[in-house]
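Participant: Sharing a model that was predicted from the sequence below.
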There are 2 protein chains.
Amino acid sequence: MNTLYDKHHALLDRARQACRERHCWSPYPEMPAKYPGAEQAQAAGRQAFEAHLGRPGARRRFELDQPGTVGWLGEEVSPYTQQPLAIDYPRADVDTLFDAASRAMSGWAQAPIEQRLGVLMEVLDVIYREHLFEVAHAVMHTAGQSYNMAYAGSGVNALDRGIEALVYAEQAMRAVTPSARWERRFGPTEVRLDKTYRIVPRGVAVCFTCASFPTWNAWPSMMASLATGNPVIVKPHPATVLPMAITVRVFRQVLSAAGFDPNLVTMAVDSVAEPLGKVLVKHPMTAIVDFTGGVPFGQWVEQNAWPAIAYTETAGCNTVVIESADDLDAALRSLATTLCMFSAQMCTSPQNIYVPRQGVRTPQGVVPFDEVGRRLAAAVAQLTGDPKKAAMILATIQSPQTLALLEHLQQQGRARGQVLLAPAPYPHPDHPQARTCTPLMLQVTTAERDLYGGERFGPVSFVIACDSAEDALAQASCDVKAFGGLTAFLYSTDEAFIDRAERAYARAGAQLTTNLTGAMPLNFAAAYSDYHVTGLNPAGNASLTHLGFVTGRFAIAQSRRPTTANA
Amino acid sequence: MNTLYDKHHALLDRARQACRERHCWSPYPEMPAKYPGAEQAQAAGRQAFEAHLGRPGARRRFELDQPGTVGWLGEEVSPYTQQPLAIDYPRADVDTLFDAASRAMSGWAQAPIEQRLGVLMEVLDVIYREHLFEVAHAVMHTAGQSYNMAYAGSGVNALDRGIEALVYAEQAMRAVTPSARWERRFGPTEVRLDKTYRIVPRGVAVCFTCASFPTWNAWPSMMASLATGNPVIVKPHPATVLPMAITVRVFRQVLSAAGFDPNLVTMAVDSVAEPLGKVLVKHPMTAIVDFTGGVPFGQWVEQNAWPAIAYTETAGCNTVVIESADDLDAALRSLATTLCMFSAQMCTSPQNIYVPRQGVRTPQGVVPFDEVGRRLAAAVAQLTGDPKKAAMILATIQSPQTLALLEHLQQQGRARGQVLLAPAPYPHPDHPQARTCTPLMLQVTTAERDLYGGERFGPVSFVIACDSAEDALAQASCDVKAFGGLTAFLYSTDEAFIDRAERAYARAGAQLTTNLTGAMPLNFAAAYSDYHVTGLNPAGNASLTHLGFVTGRFAIAQSRRPTTANA
């Protein structure tokens, strides 16, 4: 009965230790080349991806054996080819999905925790062994990520965050003893009760996934809901369906093979013209909402999900404070790399760079404010000047709207500040039709807060002149609290300043990285080690992963009765 | 520095074990007579209570050295004497309380977890050693409880639930390692980071306490918020301020003595005419709301607290299903006792009794439906016929509105069903002016669901004729899901029926007690063992106590930087 748990429990044990100690660990190779049988696996993954594609005039259906299919739709366009994928997905009758999910729940909820964990570890294992490169290509041609990022960030790192969610779900459930014998004297009578404590799933979960990074939040959310007994209806962003369709199919196959109702995981696809989001959030059977996406709808979800509970990961303006540096060039190179990474379409990408007007202290003397901006822009230009390097780091622009935003911000920046770096398409060496754009960098003062206050999604950053280092820190942490922020970056050689910054950012709720230079991307978030989202500012409340991410997904129902045996 | 933790850590260890194993344990004597130096302590407690009282024309101020006092108010009336207590409490400027709370937070949040736990255990210990009987008298003369219940339910059991909340707060915080060394190779470079994980309090908590049972929910809520670093503003029901005023004063004294800002705990008193509730919930600095009280405002809080998080414990219609019984008389005696206990003004009191129309199977044959109702009513009448016994079990009616509700329901019952037992005042032997009333019992069919669907606060119960035992269970669990319910009670000798009932009530989210008769009150909820509230129905979401009650009260903020030492 627990064979899948037996198969995977050693790995789960190791993951439990990593979560406890938060050191570096992953069961997966970090680079595609290190994957077992890499060459063959990569070719097979590519073929599997291509087999999903339709052609103009010959659209192809992605069959999912889920109930309630009332039509077919799909509107994905590859950012690499700017051609439609021509894949149609089932359009589902929403009530049918909820009914099916609800019926599927009871058998799943009654299964022992080990059995659920075993099945869910098997899902991750099947994705890893049989679908990882297929998912990577699907992510490339929907989200627009580079191949390496699609493998690492949307592949193995997302699998790691899935395992991590299972560890915490198990920990929260194991904190509840399944039964107890309770004995107490009431007056002259000894009362003996046998008590049973059941883990009861909260109900149907709706998991919204985003256009630019679908799996990284979806897999842990789905794992957290399913481990605690809840079915999941996945609502992918209409621009990025395929990675989730592959995911949903794997879940359904593994669940079925393990003897469970596959309708524990289904998919509700919609279109930009006819969005389903509010219908799903307000559906009377919705008990849990996981949302990844933009701030406005994320805030609507948080405010309107009740009586469902909502876990959100939106975004904000991630901030950088440059006070002083031992090696300013190294700091600017690291910053430049992170500003370019996937064209800053990551929820962890920095956007606002707060620099004292007096300049930045270095061992070689104070580097004036203007020069800091110029040198940072030069570092970015250097990274993006060579199309081959640019392709690896910038990849593509997921949405055409981002190009329009850049155009608008460039105009604003020209009028109200200074354009440090103007954006331009770069020719992608492998995909000549790719939607690409080098970063826009603007220099402004704090008078232009309306321009940089809030997330401007895409490759745009602001170098902001502040009155002093203290002002830079105050502005940055205040903007995080007001507009949201997930990550923060600091360069300072002053331990007292670092201490103040750590406190300020802890209060504001952004995860701070200090004085990091070199090979590691500044915004790299390690599963089992780096917490993601605090819940202390408008950038969301879904912290990957601590107990708060799982405890609301189940309830404890108790039954007690007098002990009958004299045991 | 950790001397208070040292003083109390053995007790906390023992409480941790009890929470893990959920057996019976309490460090406190369960009856007033067993309290150390009982006679003297009880007399001193009574004197301390009486010293708070004013007289007509000579109101007395309850001084609290908290900031922002802009006036004085108080409108408590003793249900035992129906005379005003004539105590005035500070009317606080709300913004001043929030500012003071916010300023107090930082030093408290930075204290080590052990230190906070030590101080909070000391608070509970000081209440127990120095104020328990004073609180008991205060509860009697505001909530209207009997002396024994005020001691046990509002005294030691509430202290136990406070310790329990500390155990879970500690467990959730200890699940976060304070620091980690993280090492990984990126290409040719070995990256070493030192990571620090801080527990960051969510912010100012507002704790609403109810008129009939103030301390039982307030103490664990306050402990959960404070242990995780948050300040608390207590908003007592205007009818029942004194128990919370004594509580707040103890918190402030112990916090001060331990070197912390006493404004971590303050009180915002309002009046029925000018309620502060919505102002406090919607205050921009409110981060956490704990609410105990009626369903309508509780639901408003859940819907409107955002961006604050809300923990609620409201109420509902607690249900009884009588399918069959080995000893029906014993079952009915136990039910009668529980229907009478504190005049059914407990959130765990049963209200709706679902009985098959065909009667109840017993070893002596089927007892007809009508006879079940009559015998239950007779058992209630017997308990309440003797004023001395009635005083001990029924105590008083907290609010005059309850008497009006009983009058209305009696009229309705007469017109639409049958009055099994009519309510009447009984003469309280010690307090001739006490507001008292024996229970109202009505017999109805499921056609009168609008009459019994939802909580009818006070000593009223409905014996409801159902089509069958299965129908009784279906009606009962469905009503719980629709209207809320915390407890449920079942009598059945059929193991298959019991199994179905356990599953149905687990789904509906009520804590089930099966076939209990004898000395233990059916609705007794043991700290460290019985979970209270599931979150699966409208009776609230604040489960005492599991990890979900504490995890939302704090966030985890991380900072990381390259390792500098070669350690």
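Facilitator: Alright, I've got the coordinates. Numbers count the residues shown, from 1 in each chain, chains lettered A, B, ... in the order given.
Participant: ok, which residues in the stretch 401-550 of chain A are in contact with chain B?
Facilitator: Residues of the stretch 401-550 of chain A found near chain B (CB under 8 Å from any CB of the partner chain) are A:498, A:502, A:505-507, A:509-520, A:526, A:529-531, A:534-536, A:543, A:546-548. For every residue, glycine as well, the C-beta is placed using N, CA and C.
Participant: Whichever of those end up buried, select them in PyMOL.
Facilitator: Selecting only the buried entries of those in PyMOL, with 16 or more other CB atoms under 10 Å in any protein chain shown as the criterion:
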select buried, chain A and resi 498+502+505+506+507+509+510+511+512+513+514+515+516+517+518+520+526+529+530+531+534+535+536+543+546+547+548
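Participant: Okay, and which of the residues of the stretch 401-550 of chain A next to chain B map to helices?
Facilitator: A:498, A:502, A:505, A:506, A:507 (DSSP state H).
Participant: how close does the residue lying closest to the fourth one once chain neighbours are set aside sit to residue B:229?
Facilitator: It refers to residue A:506. Nearest residue to residue A:506, sequence neighbours excluded (CB to CB, 6 or more residues apart in numbering or on different chains): residue B:557, at 3.7 Å. For residue B:557, the distance to residue B:229 equals 12 Å [CB to CB, to the nearest Å].
Participant: Could you tell me which residues touch both of the two?
Facilitator: Common neighbours of residue B:557 and residue B:229 (criterion: CB atoms under 8 Å, 6 or more residues apart in numbering or on different chains): residue B:200.
Participant: Surely residue A:471 and residue A:356 touch.
Facilitator: Yes - Residue A:471 is within contact range of residue A:356, at 7.3 Å (criterion: CB atoms under 8 Å).
Participant: ok, those two, which is more surrounded?
Facilitator: Using other CB atoms under 10 Å in any protein chain shown as the criterion, residue A:471 and residue A:356 rank with residue A:356 on top: 23 against 15.
Participant: shouldn't the more buried one be in contact with residue A:473?
Facilitator: No - the pair residue A:356 / residue A:473 is not scored as a contact, 9.8 Å apart, by CB under 8 Å.
Participant: that older thread, now do the contacts for the residue nearest to residue A:506.
Facilitator: Taking CB under 8 Å, 6+ apart as the test, what residue B:557 contacts is A:505-507, A:509-512, A:531, A:534, A:536, B:197-198, B:200.
Participant: Counting neighbours, what do you get for the closest residue to residue A:310 other than its chain neighbours?
Facilitator: The shortest distance from residue A:310 to any non-neighbouring residue, by CB to CB, 6+ apart, is to residue A:289 (4.6 Å). Here the number of neighbours of residue A:289 (other CB under 10 Å) works out to 24.
Participant: between the ones in helices among the residues of the stretch 401-550 of chain A next to chain B, which is nearest residue A:407?
Facilitator: Nearest to residue A:407, judged by CB to CB, of those is residue A:505 at 32.5 Å.
Participant: Contact partners for that closest one?
Facilitator: Contacts of residue A:505 by CB under 8 Å, 6+ apart are A:477, A:480, A:488, A:490, A:511, A:512, B:557, B:559.
Participant: Which one of the residues you listed is nearest to residue A:115?
Facilitator: residue A:511 (34.9 Å).
Participant: Not counting sequence-adjacent ones, nearest residue to that closest one?
Facilitator: Using CB to CB, 6+ apart, the nearest residue to residue A:511 is residue B:558, at 4.6 Å.
Participant: Give the helix, strand or coil label for that neighbour.
Facilitator: strand (DSSP: H, G, I helix; E, B strand; the rest coil).
Participant: Now do the same contact list for it.
Facilitator: Contact analysis of residue B:558 by CB under 8 Å, 6+ apart lists A:511, A:512, A:530, A:531, B:195, B:196, B:197, B:198.
Participant: what does the stretch 201-350 of chain A have sitting close to chain B?
Facilitator: Counting by CB under 8 Å from any CB, the residues of the stretch 201-350 of chain A that sit close to chain B are A:202, A:302, A:303, A:306, A:307.
Participant: For ChimeraX, write the selection for the buried entries among those.
Facilitator: Buried members of those, defined by 16+ other CB under 10 Å, are picked up in ChimeraX with:
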select /A:202,302,306
